[in-house]
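Enquirer: This is a predicted model, with the sequence first.
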Amino acid sequence: MLTCAFAGQKKVLAAYEEAVKCGYSGARAGRLHTPHGVFDTPMFMPVGTQATVKAVSPRELKEMGAQIILSNTYHLYLRPGTELVAEAGGLHRFMDWDGGILTDSGGFQVFSLGPLRKITEEGAAFRSHIDGSTQFLSPEIAIKAQMNLGADIIMAFDECIPYPAEYQYAKLSTERTTRWAERSQKAHTRSGQALFAIVQGGMYQDLRRVSANDLVSLDFPGYGIGGLSVGEPKPVMYEMLEQTVPLLPENKPRYLMGVGTPDCLVEAVRYGIDMFDCVFPTRVARNGTAMTKSGRLVVKNAAYAKDFLPIDENCGCYACQNFSRAYIRHLLKADEIFGLRLTTIHNLYFLLDFTKKMRQAILEDRFLSFREEFLAQYCK
Ligand SMILES: Nc1nc2cc3nc(NCCc4ccc(C(=O)O)cc4)[nH]c3cc2c(=O)[nH]1
Ligand SMILES: [Zn+2]
């Protein structure tokens with residue numbers, strides 16, 4: 001059993017108390033220390049882009065077992081502004097969430113949401129997707145914004161390299177992201193807040209290794225793995241994980257950004273990933289799709305008009321304990337907001353419960369058989 005005590009390093013609160021290795025896989029069950037609590041990993045972080053996890057309340061999030069939620073600096077910087085959130089007492093107070101919060105730095109949204117962007121050594125100029133105004137983010141601005149928001153874990157400002165990308169572009173961008181990580185580190189002066197770096201490298205094994213080694217030598221308390229889940233085939237994502245994760249310190253958290261579905265989670269946990277976030281469960285819920293251990297169930301389909309069973313008879317969520325597929329389908333067809341709330345509650349509960357089940361399997365040293373059984377019945 002491998003346990004890693006976390007040496008008291010500067011500005012570190014995302015301490016990794018214990019990582020338990022299981023089998024020949026890199027799967028591990030750990031505990032993450034933050035100012036807002038000690039949390040179990042593997043963990044899924046519901047996405048609350050604009051300081052709310054769409055359609056559910058903080059109380060419901062707590063009831064379903066959410067530990068850390070994610071918010072986006074890009075969005076909150078544009079609206080309502082991070083100084084306003086700081087004046088409100090910070091993001092926890094503003095949204096009445098006393099669990100953990102992680103903020104993404106904007107390094108993805110700038111490149112995916114902001115049209116007409118221009119990247120220089122200094123940072124990224126872009127047009128706001130809200131009002132078209134010209135905006136600019138740099139490592140220093142992104143870190144200041146995240147210190148204003150007051151999340152427990154913040155992310156370095158990076159460039160999420162598009163897919164596909166030429167080797168030379170990926171190389172230069174990755175080197176710049178490492179320089180930006182160093183600038184992020186220097187700009188980060190808020191104690192009681194952990195700054196994670198983000199590994200890039202595109203889909204190139206050698207660039208992934210260089211990025212990981214360079215960032216590890218800068219000594220961060222945790223590491224995001226970025227530039228994945230950007231349209232690449234899943235086997236390529238797993239190959240990049242295989243190249244990257246072993247180079248990251250065993251006693252520090254690894255966070256795979258933007259991932260999302262249980263088949264990807266169970267594979268990534270096998271490679272040693274601890275933390276996940278994705279808009280998928282909440283976004284597809286609003287389109288009337290429920291996540292189950294056998295795959296997706298489109299509750300809105302006519303087939304469920306007279307189906308008086310719950311979405312999943314073995315699910316402990318509020319939706320499955322009290323309502324039928326027929327009722328939820330009726331609400332969705334009638335554009336009733338409660339319908340979206342029920343599918344969202346179910347999907348988040350499903351993923352949160354799935355990570356709990358993975359943790360239990362790791363602790364009982366049966367993760368590999370758990371993975372086999374799950375993948376055998378799950379249709380992607
Ligand atoms: N700072 C930073 N943040 C990131 C966020 C990401 N999110 C993803 N993927 C999300 C993909 C994604 C997008 C939308 C939906 C849906 O609507 O269902 C699902 C998945 N990849 C990502 C990469 C990065 C990155 O390198 N750097
Ligand atoms: Zn359910």
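Expert: Now that the structure is in, tell me what you want to look at. Ligands and ions are numbered 1, 2, ... in the order given.
Enquirer: ok, how many other residues are close to L368?
Expert: Neighbours of L368 under the rule other C-beta atoms under 10 Å: 16. The C-beta positions use only the backbone N, C-alpha and C, and glycine is treated the same way.
Enquirer: That one reaches E267, doesn't it?
Expert: No - applying C-beta atoms under 8 Å, one finds L368 not in contact with E267, separated by 11.8 Å.
Enquirer: Ligand 2 contacts on the stretch 201-350 of the chain?
Expert: Neighbours of ligand 2 within the stretch 201-350 of the chain, by C-beta under 5 Å from the ion: 315, 317, 319-320, 346.
Enquirer: Throw these into CSV and include neighbour count and pLDDT, thanks.
Expert: As requested, these are exported to CSV (neighbours: other C-beta atoms under 10 Å; pLDDT from 0 to 100):
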residue, neighbour count, pLDDT
C315, 18, 98
C317, 24, 98
A319, 27, 98
C320, 23, 98
H346, 28, 98
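Enquirer: Need the max-distance pair from those residues.
Expert: Greatest spatial distance among these (C-beta to C-beta): C315 and A319, at 7.8 Å.
Enquirer: Count the residues that sit near F111.
Expert: That count, for F111 with other C-beta under 10 Å as the rule, works out to 19.
Enquirer: Distance of it relative to ligand 2?
Expert: 35 Å (C-beta to the ion, to the nearest Å).
Enquirer: same check, this time on G258
Expert: 24 Å.
Enquirer: you'd agree that residue is up against F108?
Expert: Yes - in this structure, G258 is within contact of F108 by C-beta under 8 Å, at 7.3 Å.
Enquirer: Helices of the stretch 201-350 of the chain, residue ranges please.
Expert: Remark: helices assigned in the stretch 201-350 of the chain by DSSP state H, counting those that start in this stretch are 205-217, 234-244, 262-270, 280-285, 318-322, 325-333, 337-363.
Enquirer: Let me have those in JSON lines, extended by distance to Q135.
Expert: Below are those laid out as JSON lines (distance: least, C-beta to C-beta, whole Å):
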{"stretch": "helix 205-217", "distance to Q135": "26"}
{"stretch": "helix 234-244", "distance to Q135": "30"}
{"stretch": "helix 262-270", "distance to Q135": "32"}
{"stretch": "helix 280-285", "distance to Q135": "25"}
{"stretch": "helix 318-322", "distance to Q135": "39"}
{"stretch": "helix 325-333", "distance to Q135": "36"}
{"stretch": "helix 337-363", "distance to Q135": "30"}
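Enquirer: okay, and the common contacts of C315 and A319?
Expert: Both C315 and A319 are contacted by 346, 349, under the criterion C-beta atoms under 8 Å, 6 or more residues apart in numbering.
Enquirer: Now do the phi/psi pair for the residue in the stretch 1-150 of the chain that ligand 2 sits nearest to.
Expert: Residue of the stretch 1-150 of the chain nearest ligand 2, by C-beta to the ion: M64 (9.3 Å). Here the main-chain torsion angles of M64 (degrees, to the nearest 10) amount to phi -90, psi 0.
Enquirer: Leaving out the residues flanking it, which one is nearest to it?
Expert: Nearest residue to M64, sequence neighbours excluded (C-beta to C-beta, 6 or more residues apart in numbering): Y349, at 4.5 Å.
Enquirer: Quick check, the one you found in contact with Q321.
Expert: No - in this structure, Y349 is not within contact of Q321 by C-beta under 8 Å, at 10.0 Å.
Enquirer: Of all residues in this structure, which one is nearest the centre?
Expert: Per C-alpha atoms, centre = their mean, the C-alpha nearest to the average position across the chain is that of D277, at 2.0 Å.
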